[in-house]
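**Q** turn this into a structure:
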Amino acid sequence: MSAPYPFLKGHGTENDFVLLPDHDASLHGELDAARVAALCDRRSGIGADGVLRVVRTEAYDALEVSAGARGQDAEWTMDYRNADGSMSEMCGNGVRVFARHLVEEGLADPSAPIPVATRAGTKLLTLTDDGLVTADMGRARVLGETAVSVGPATWAARHVDVGNPHAVALVDDLDPAGPVGPLLEPPTHDPLLYPEGVNVEFVVRRGPRHVAMRVHERGSGETRSCGTGACAVMVAAALADGVTGPGDGRGGDLAYRVDVPGGTLTITWTADDRVLLTGPAVVHSWGATTL
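**A** Reported below is the predicted structural model:
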């Protein structure tokens with residue numbers, strides 16, 4: 001990237017991203033971990049929780065850099081990188097912003113669901129006239145119980161996989177001055193269960209089918225929102241509320257409101273075992289970078 005290279009900024013409930021349009025995969029080999037971290041640095045770079053690289057799947061697969069995307073029925077691939085430069089399987093807020101960008105640039109038709117290839121498989125995105133975007137995240141896998149710690153405080157947590165791993169802990173208080181703290185460092189977790197790290201969500205109840213959360217994302221730190229995390233939180237909260245799973249006699253789909261520091265997301269667990277993530281997605285034109 002020795003010459004100026006265009007970028008955009010976008011966010012979903014204030015989980016913010018640098019978008020790099022790279023349709024022909026020309027940045028292959030240049031976008032290493034150090035460069036991504038430099039782009040995401042909020043003092044010396046552009047500043048973001050991660051980078052969304054916008055690549056045609058055909059070009060991406062030709063370079064054999066995405067076994068997860070290869071063969072997927074999607075014209076576009078979201079190559080997502082965390083703020084520290086590490087790769088991630090999935091980003092729920094990011095994929096909604098990605099779909100918004102495709103539509104605003106005339107690269108996808110908003111009248112039909114938009115398939116987006118990711119390292120966690122193809123996700124279908126639906127845009128509505130109210131400005132919201134829904135991502136079909138597929139099936140959440142509930143993988144058992146674990147525990148997380150911050151300093152001397154330890155909480156039981158539920159291990160939920162939504163394309164990437166999450167540990168969800170129900171707590172009494174989200175106050176940063178309390179036991180959860182400011183989350184400057186990753187909460188302690190089981191290194192054998194999560195050898196590549198884990199996203200950790202702390203959750204309080206606000207009312208019936210209404211929770212609030214804070215999150216520490218692996219590779220990015222505490223963020224204002226996490227889409228896959230909100231999905232994991234909804235499933236964990238529903239199970240704690242006595243729901244035994246999809247199609248358990250609830251009479252249809254089950255929706256929860258999940259408040260994050262950056263806004264509100266709606267998570268729907270459908271009777272056919274799909275998890276739908278609905279929330280806003282905004283893209284701003286920005287400029288060019290030589291980073």
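**Q** which parts of the protein belong to which domain?
**A** 5-128, 141-280 (automatic domain parsing).
**Q** mean pLDDT for those: which is lowest?
**A** Looking at the domains of the chain, the lowest mean pLDDT belongs to domain 5-128 (a mean of 91).
**Q** can you give the distance of that domain from its chain's centre?
**A** In terms of C-alpha atoms, centre = their mean, to the nearest Å, the gap separating the centre of domain 5-128 from the centre of its chain is 11 Å.
**Q** how long is that domain from one end to the other?
**A** 31 Å (C-alpha to C-alpha, to the nearest Å).
**Q** neighbours around the closest residue to residue 159 other than its chain neighbours, how many?
**A** Leaving aside its sequence neighbours, residue 159 sits nearest to residue 143 (C-beta to C-beta, 6 or more residues apart in numbering; 4.3 Å). Bear in mind the C-beta positions are built from the backbone N, C-alpha and C, glycine included. The criterion is other C-beta atoms under 10 Å. On that basis, residue 143 has 13 neighbouring residues.
**Q** list the buried residues for stretch 159-170?
**A** 159, 160, 161, 162, 163, 164, 165, 166, 167, 168, 169, 170 (16 or more other C-beta atoms under 10 Å).
**Q** ok, now stretch 263-274?
**A** Neighbour-count burial for stretch 263-274 [16+ other C-beta under 10 Å]: 263, 264, 265, 266, 267, 268, 269, 270, 274.
**Q** what does stretch 207-226 give?
**A** 209, 211-226.
**Q** for stretch 278-285, what is the distance to the chain centroid?
**A** With C-alpha atoms, centre = their mean as the basis, the mean position of stretch 278-285 lies at 13 Å from the chain mean.
**Q** next one: residue 234 from residue 33, what distance?
**A** Residue 234 sits 32 Å away from residue 33, going by C-beta to C-beta, to the nearest Å.
**Q** SS state for residue 233?
**A** helix (DSSP: H, G, I helix; E, B strand; the rest coil).
**Q** so it makes contact with residue 258?
**A** Yes. With contact defined as C-beta atoms under 8 Å, residue 233 reaches residue 258; the gap is 5.8 Å.
**Q** anything in contact with each of the two?
**A** 211, 213, 267 (C-beta atoms under 8 Å, 6 or more residues apart in numbering).
**Q** the first one contacts residue 260, doesn't it?
**A** Read it as residue 211. No. In this structure, residue 211 is not within contact of residue 260 by C-beta under 8 Å, at 10.1 Å.
**Q** residue 11 against residue 100, yeah?
**A** No. Look at residue 11 against residue 100 with C-beta under 8 Å: they stay out of range, at 10.2 Å.
**Q** mutual contacts of these two, please.
**A** 281, 282.
**Q** tell me the centre residue of this structure?
**A** Of all residues in the chain, the one closest to the mean position by C-alpha atoms, centre = their mean is residue 91, 2.6 Å from it.
**Q** in helices, which of the buried residues of stretch 207-226 fall?
**A** The members of the buried residues of stretch 207-226 all map outside helices under DSSP state H.
**Q** please report how far the closest residue to residue 241 other than its chain neighbours lies from residue 51.
**A** What sits nearest to residue 241 in space, not counting adjacent residues and going by C-beta to C-beta, 6+ apart, is residue 209, at 7.8 Å. Here the criterion is C-beta to C-beta. By it, residue 209 lies 34 Å from residue 51.
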